[in-house]
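In: Show me how the following folds:
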Amino acid sequence: MYFIARNNAIYNYIAHTNLRRCYSSTLLAVGAFFVIGMYGVYYPLIAHITLLQSERMMLQKKIDESEQLDKSGKELLAAVESGKKNIADYAIASDKHEEHCHKRMLFVLDTIAQSGLTLSAYGACKEKDKVWYTKDSAHFDIVGPMQKLMTFLETMKNSRTMIAISQVTITRNVDDTFQMSFDIGLITVKK
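Out: You can find the predicted model right below:
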């Protein structure tokens, strides 16, 4: 059981043909292996590599979005904690509510006096009790020049107290003085 080369058809073809035919058939066989390698192995491999690269880029994009969401979540958590702290700073126990209302009403009256305005009428506090806050409102009539009225409103706007000014009416009096009527709501957050 051994191979006898002289009885083989391929051997006889290669051994008994001229050199040009022998080299061209060898070149044809090598070319066939190259073409089969290109179409059977290389191009599918390139397509698979391209697919994996696009999936990798998509996953990297999702990772970046996830990191951005984590960063946004941390910023929002910090803002919520800051808001809770601010609310806690403004929150007043129910037994100190009346004292707090008087202090803030004195702040409004001091601001009127510091602005150089004259208080012509004052209405007593009316309390509106809500679920998470209490609003005490009072009515004021003040008299003075327009510039001082605007300074008063600017001071109230820039103060760190929770004050709502509503129903503002300004009426011109004699000698360039104006009368401003308004309601002030002092908002107190409950604990």
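In: what about Thr111, which SS state?
Out: helix (DSSP: H, G, I helix; E, B strand; the rest coil).
In: quick one: contacts for it?
Out: Residues in contact with Thr111 (CB atoms under 8 Å, 6 or more residues apart in numbering) are Phe152, Thr155, Met156, Ser159. Quick note: C-beta positions are derived from backbone N, CA and C, even for glycine.
In: And those residues, which is closest to Leu45?
Out: Ser159 (72.1 Å; CB to CB).
In: Give me the pLDDT for the closest one.
Out: We note a pLDDT of 80 for Ser159 in this prediction.
In: Looks like it contacts Val108 (just checking).
Out: No - counting by CB atoms under 8 Å, Ser159 does not reach Val108; the two are 9.2 Å apart.
In: These two: who's more crowded?
Out: Val108 (22 against 13; other CB atoms under 10 Å).
In: Put the alpha carbons of the strand or helix carrying the more buried one into CSV.
Out: Using DSSP states H and E, Val108 falls within helix 97-114. Taking Å, rounded to 0.1, in the frame of the first residue of the first chain, the C-alpha atoms of helix 97-114 are listed here in CSV:
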residue,chain,number,x,y,z
HIS,A,97,-45.1,81.6,63.5
GLU,A,98,-46.7,84.7,65.1
GLU,A,99,-43.3,86.0,66.3
HIS,A,100,-41.8,85.3,62.8
CYS,A,101,-44.7,87.2,61.1
HIS,A,102,-44.2,90.2,63.4
LYS,A,103,-40.4,90.3,62.6
ARG,A,104,-41.1,90.2,58.9
MET,A,105,-43.8,92.9,59.2
LEU,A,106,-41.2,95.0,61.1
PHE,A,107,-38.8,94.4,58.2
VAL,A,108,-41.4,95.8,55.7
LEU,A,109,-42.1,98.8,58.0
ASP,A,110,-38.3,99.4,58.4
THR,A,111,-37.8,99.2,54.6
ILE,A,112,-40.6,101.8,54.1
ALA,A,113,-39.0,104.1,56.6
GLN,A,114,-35.5,103.6,55.2
